[in-house]
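Participant: build me a model:
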Amino acid sequence: MSEGISAKTIWNDAARTGLILGIVTVALQGLAQWLSGVTEQAVLKGLVEFALWAIKFAACILLMRMFLKNFVKAHPEAINKDTRHYGEAIAVLSAFIVAAYTLVYYLYINPDVVQESMDMIRESYSSFMTGSQIDEIENAMADLPVISFFTVFIYCSLYGTLLSGILSNNIPARRSIFDEPDEDEQ
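Facilitator: Below you'll find the model as predicted:
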């Protein structure tokens, strides 16, 4: 990081923006889950889920870009590396919030999802699988909330880190502390 921006500053700023990004993501995900439960028509359900996924995807990109630009405005001495680290911190913190919501969803909000999935597997594959194989799947399904937590955390962290790397490439236009800031950056 450049001399002017400490890791503490980056993480302090990222805590607030990571919380915002995580809450927006959870709100859109919760809305998608609620709306998909409202309709029984498979096509309509699929369209609603896709539309809300696309909105969530675009919102994450636009919010991350806005947060990175605001960070540079607040810290004019920032270089690309600082901005990337800031974006990575946002990604990790917001990923934790989204993963925690996923865990809460499977454990408390809609715990029947796991059982419904197991029933569907049992119906669909009972002719292909032995009783012991189905028992193994049931044992694995019992750990689904925890597995989902870590899967979502890793996925969101990687997605956010990649997004941060792409977006921070030109935010700010300065690549090192030796480059002069552009006139519009000051």
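Participant: ranges for the helices of this structure?
Facilitator: 7-38, 42-74, 80-104, 112-125, 131-142, 144-167 (DSSP state H).
Participant: of those, which is nearest residue 173?
Facilitator: helix 80-104 (8.5 Å; Cβ to Cβ). The way it works is simple: take the backbone N, C-alpha and C, and place the C-beta from them, glycine included.
Participant: so what secondary structure elements neighbour the closest one?
Facilitator: Where contact means 3 or more Cβ pairs under 8 Å, 6 or more residues apart in numbering; DSSP states H and E, helix 80-104 is packed against helix 7-38, helix 42-74, helix 144-167.
Participant: can you tell me the centre-most residue of the protein?
Facilitator: For the chain, residue 156 is the residue whose C-alpha lies nearest the centre (Cα atoms, centre = their mean; 3.6 Å).
Participant: list the contacts for it?
Facilitator: Shown in contact with residue 156 (Cβ atoms under 8 Å, 6 or more residues apart in numbering): 25, 91, 94, 95, 98, 99.
Participant: any idea how far it is from residue 76?
Facilitator: Using Cβ to Cβ, to the nearest Å, one gets 30 Å for the distance from residue 156 to residue 76.
Participant: before we move on, back to that, the helices and strands packed on helix 80-104 into CSV, with extra columns for distance to residue 118?
Facilitator: Shown next, in CSV, are the helices and strands packed on helix 80-104 (distance: least, Cβ to Cβ, whole Å):
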stretch, distance to residue 118
helix 7-38, 19
helix 42-74, 21
helix 144-167, 9
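Participant: need those helices in CSV (columns: mean pLDDT).
Facilitator: CSV is the format used below for the helices and strands packed on helix 80-104 (pLDDT from 0 to 100):
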stretch, mean pLDDT
helix 7-38, 91
helix 42-74, 91
helix 144-167, 95
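Participant: and these: which comes nearest residue 104?
Facilitator: helix 144-167 (8.8 Å).
Participant: now the angle from the closest one to helix 131-142?
Facilitator: 60 degrees (axes from the mean of the first three to the mean of the last three Cα atoms, to 10 degrees).
Participant: most surrounded residue in the contacts of residue 156?
Facilitator: residue 94 (27 neighbours; other Cβ atoms under 10 Å).
Participant: just the pLDDT for that residue.
Facilitator: pLDDT for residue 94: 97.
Participant: residue contacts, it?
Facilitator: Residue 94 neighbours (Cβ under 8 Å, 6+ apart): 18, 19, 21, 22, 25, 156, 160.
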